[in-house]
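K.L.:
need a 3D model of the following:
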Amino acid sequence: MVRIKVSQKIFTEDEVVSLTGICTDHLRKMAQNKHLGTIARAAEAAGAEAEKWLFSHSDLMILTVLQPRCDH
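P.N.:
Prediction:
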């Protein structure tokens, strides 16, 4: 079971990793395959774009049901 604040509506991929125990690689693959979350593009200092995933409360609940914790 994942416990979160009711007021929190958006979760970063780092927050989802720490809450669910799913590693970043599995999280990104699951998000792409199941069309969960959204990609936020942030400009880096060097001018390149970095991709960060953002997840809603419902995305988080779906991820916890579909993907077990990673053991590696």
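K.L.:
centroid-nearest residue for the protein?
P.N.:
By C-alpha atoms, centre = their mean, the chain has its centre lying nearest to residue 13, at 3.4 Å.
K.L.:
mind checking how far that residue is from residue 36?
P.N.:
As for residue 13, its distance to residue 36 is 11 Å (criterion: C-beta to C-beta, to the nearest Å). In this view, the C-beta of every residue, glycine as well, is placed from N, C-alpha and C.
K.L.:
give me the common contacts of the two.
P.N.:
residue 55 (C-beta atoms under 8 Å, 6 or more residues apart in numbering).
K.L.:
residue 15: which element?
P.N.:
Using DSSP states H and E, residue 15 sits within helix 13-20.
K.L.:
how about that helix: buried residues?
P.N.:
For helix 13-20, burial by neighbour count (16 or more other C-beta atoms under 10 Å) applies to 13, 16-17, 19-20.
K.L.:
show the average pLDDT along the following helix or strand past that helix.
P.N.:
In the C-terminal direction, the helix or strand that comes right after helix 13-20 (DSSP H and E) is helix 24-34. Across helix 24-34, pLDDT averages out at 92.
K.L.:
over to stretch 63-72?
P.N.:
For stretch 63-72, the mean confidence score works out to 88.
K.L.:
picking up where we left off before, report all helices and strands that the helix holding residue 15 contacts.
P.N.:
helix 24-34, strand 49-56, helix 57-66 (3 or more C-beta pairs under 8 Å, 6 or more residues apart in numbering; DSSP states H and E).
K.L.:
hmm, back to that, on the pLDDT front, check the residue nearest to the centre of the chain for me.
P.N.:
90.
K.L.:
quick one, what contacts it?
P.N.:
Counting by C-beta under 8 Å, 6+ apart, residue 13 touches 24, 27-28, 37, 52-55.
K.L.:
surely residue 69 meets residue 21?
P.N.:
Yes: using C-beta atoms under 8 Å, residue 69 is in contact with residue 21, at 3.5 Å.
K.L.:
looking at the two now, which is surrounded by more residues?
P.N.:
Of the pair residue 69 and residue 21, residue 21 is the one with more neighbours under other C-beta atoms under 10 Å, namely 14 against 10.
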